[in-house]
Each structure stands twice: as structure tokens, then as C-alpha cells.
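**Student:** sequence isn't available, so here's the structure alone:
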């Protein structure tokens, strides 16, 4: 009997943990923390483990809180879409009150952790939550410009790490911000292309032209080109302390060109498999170039 009770407890605990991961979108939050840690390594004169922990913890809390608020706001729309109908709130596994409690507690903990690092870090973290929940989320059903608005908080993590390491905002974190800003358009539009039918059920307007057409594919190509240009800028010596060696710049350029090839393939084929390949290429690209930047700093 005891073992049966124990297994029920273990099952309920694992379900709670699974729902917590879903409401905070753990995979996305971890990728955001990865970006901010890469930014920290680039900015830091010396690595401080306590600062790294505060950044990782605060960063996860900020992203987790944003996602929890987002799922509270969109609970009725999530119920309409195959991709999201099994999320904790629309499926009935979690109440709105529980989700809001998680969101508020994580907001407070996140702001405190980032504030201990530096007030500027906390300010940018708070701005990202505000823009994501108060601007990006409501605009998704109104206009495709929501992706532009959403790219602002989405570009903060890479930059946030540098600010956390230096308590300074200048050309270096600005460049990191722009790289991640332009990267988000091909990434999200490829995702929007794949999920267009499902998004339409929820009334979301994610593609720039509203359709899976040549216009959308062309914009993806143009933003990918801008992303490539900005990502190799530090090799030319006018981005302050942020610089790339020529070999590292060549690797970053090649990674960008591979992504550009997938963008052209989408323009040519205009189908979901091509959009999926571009989306996967974009995820690989952003992690890869962040690793290249960091390794280049420490071996350069």
C-alpha cells in the first residue's frame, strides 16, 4: 500500500514538474539563458561564478514569467490550436491563478537576481517582460508587425549578458542585440510558415504578407542577409571591445550563407519541409555563432 501511495506521489510530482516546464517553456528559456551567458563571456574581463549563476537564474525567471503571462492571456486561443491545446491551462491541468502566481513570483525573483548583478541588467530584463506580454502578445492577433515588436525583447538576452558583465550599454551590446534582432525574422517566419494553418485557427497573423507566398520568402531572404552583414561587423574593428578574428569571421559568414541557402530553397519551393529546414538551420546558426564568438575571444 505504501509503495502505491509513494508511486502516486512521484507521478503527481513529475506531472507538476512537467507542467512547470511547459508553462515556462523550459527549452526556450534554456536557449535564452545560453545566449545571455555567451554575452556575459564576451563582455567579462574575468569570469565570476556567482554572477553567472545570478544571470542564469534571473534570465530563466524572466523568460519563464513572460511565457506564463503569455499562456494566461492566450488561454482561449491556445485551446483552438492543435499545437497548444494540451498546454497546462487550456487542458485544465493548471488554473489561471496558479499560472499567475508562478509568473509573478518568477518576475520578482528574476528582477531581484538581475538587480544584484546591476540595475541596468534588471531594467533590460523588466523591459523584455513588459514588451513581450504587453505589446507582442496582444499584437499577434492584430498585425504581422507583432513579429517586429516581439523581436525587441527576443534580442535582449545576448546583449543582457554583456550588460551584466560590464554594467555598461554601448556599441558592443548594441551589436549583439542587432545580430539576435535580425536573426529572429527568418527564424519566426519559418516557424510561422510551418504552423500557418494552426496559427490561423487562433487568429494569429505571423507572416509579413499574411500568406505563404513569394513576398514572405523574399523578406526572409533580405533579413537573413542583414543578419549575416551585422554578424561579421566585429571583424572590421569598429565595434569597440567586441571583435572577431578573420578565421572566426569566415566561419560566422559560412554559417550565415548556409542559412541563406535554406532561405533561397524556401523561396524556390514554398512548402512546409523547406520552412522546417530553415527553422532548424536558424536554431543551429544562433547557437553556433555564439560559441564561435566566445571561443574566438578566449583563444584570440
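**Tutor:** Perfect, I can see it now. These numbers come from a predicted model, not from an experiment.

**Student:** tell me, how many residues neighbour the residue nearest to residue 206 when sequence neighbours are not counted?
**Tutor:** Once flanking residues are discounted, residue 206 sits nearest to residue 192: 3.5 Å by CB to CB, 6 or more residues apart in numbering. All C-beta atoms are positioned from the backbone trio N, CA, C, and that covers glycine. Counted with other CB atoms under 10 Å, the neighbours of residue 192 add up to 22.

**Student:** tell me which element residue 192 is part of?
**Tutor:** helix 171-194 (DSSP states H and E).

**Student:** which is the next helix or strand following that helix?
**Tutor:** helix 196-202.

**Student:** what about residue 26, neighbour count?
**Tutor:** Neighbour tally, residue 26, other CB under 10 Å: 17.

**Student:** the chain should start at 618 in everything you say after this.
**Tutor:** I'll keep to 618 as the first residue from here, and by that count the last item is residue 643.

**Student:** residues contacting residue 680?
**Tutor:** Shown in contact with residue 680 (CB atoms under 8 Å, 6 or more residues apart in numbering): 641, 642, 645, 646, 649, 650, 774.

**Student:** from those residues, which land in helices?
**Tutor:** 645, 646, 649, 650, 774 (DSSP state H).

**Student:** ranking the residues you listed by neighbours, who comes first?
**Tutor:** Going by other CB under 10 Å, residue 774 tops the ones in helices among the contacts of residue 680 with 27 neighbours.

**Student:** look at residue 759 and say how many residues are nearby.
**Tutor:** When neighbours are counted by other CB under 10 Å, residue 759 comes out with 11.

**Student:** so it touches residue 823, yeah?
**Tutor:** No: at 11.5 Å, residue 759 does not count as touching residue 823 under the criterion of CB atoms under 8 Å.

**Student:** that older thread, can you tell me which of the contacts of residue 680 is nearest residue 695?
**Tutor:** The closest of the contacts of residue 680 to residue 695 turns out to be residue 642 (CB to CB; 12.4 Å).

**Student:** so what's the closest one scoring on pLDDT?
**Tutor:** Looking at residue 642, its pLDDT is 89.

**Student:** what sits against it?
**Tutor:** 680, 681, 684.

**Student:** let's have the contacts of residue 680 in TSV, adding distance to residue 780.
**Tutor:** Shown next, in TSV, are these (distance: CB to CB, whole Å):
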residue	distance to residue 780
641	23
642	23
645	21
646	19
649	15
650	15
774	11
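
**Student:** of those, which is the nearest to residue 845?
**Tutor:** Among the contacts of residue 680, and counting by CB to CB, the member closest to residue 845 is residue 774, at 20.2 Å.

**Student:** report the contact partners of that closest one.
**Tutor:** Residue 774 neighbours (CB under 8 Å, 6+ apart): 649, 650, 652, 653, 656, 676, 680, 745, 797.

**Student:** looking at those residues, which one is closest to residue 899?
**Tutor:** residue 797 (11.3 Å).

**Student:** wait, that closest one sits on residue 651?
**Tutor:** No: using CB under 8 Å, residue 797 is not in contact with residue 651; the gap is 11.7 Å.

**Student:** neighbour-wise, which of the two wins?
**Tutor:** A count of neighbours by other CB under 10 Å puts residue 797 above the other of residue 797 and residue 651, at 25 against 19.

**Student:** tell me how far residue 753 lies from residue 691.
**Tutor:** 11 Å (CB to CB, to the nearest Å).

**Student:** how about residue 898?
**Tutor:** 28 Å.

**Student:** and residue 838, what element?
**Tutor:** Going by DSSP H and E, residue 838 is in helix 831-849.

**Student:** quick one: residue 652 and residue 778 touch, right?
**Tutor:** Yes: taking CB under 8 Å as the definition, residue 652 is a contact partner of residue 778 at 7.1 Å.

**Student:** would you mind measuring the gap between the ends of stretch 857-869?
**Tutor:** 19 Å (CA to CA, to the nearest Å).

**Student:** need the contact list for residue 914.
**Tutor:** 658, 659.

**Student:** does it lie in a helix or a strand, and which?
**Tutor:** Short version, using DSSP H and E: residue 914 is in helix 889-916.

**Student:** ok, residue 839 to residue 699 distance?
**Tutor:** Distance from residue 839 to residue 699, by CB to CB: 31 Å.

**Student:** re earlier: ok, the ones in helices among the contacts of residue 680 vs residue 805, which is closest?
**Tutor:** For the ones in helices among the contacts of residue 680, the nearest to residue 805 is residue 645 (12.1 Å; CB to CB).

**Student:** surely the closest one meets residue 684?
**Tutor:** Yes: assessed by CB under 8 Å, residue 645 is found in contact with residue 684 at 7.0 Å.
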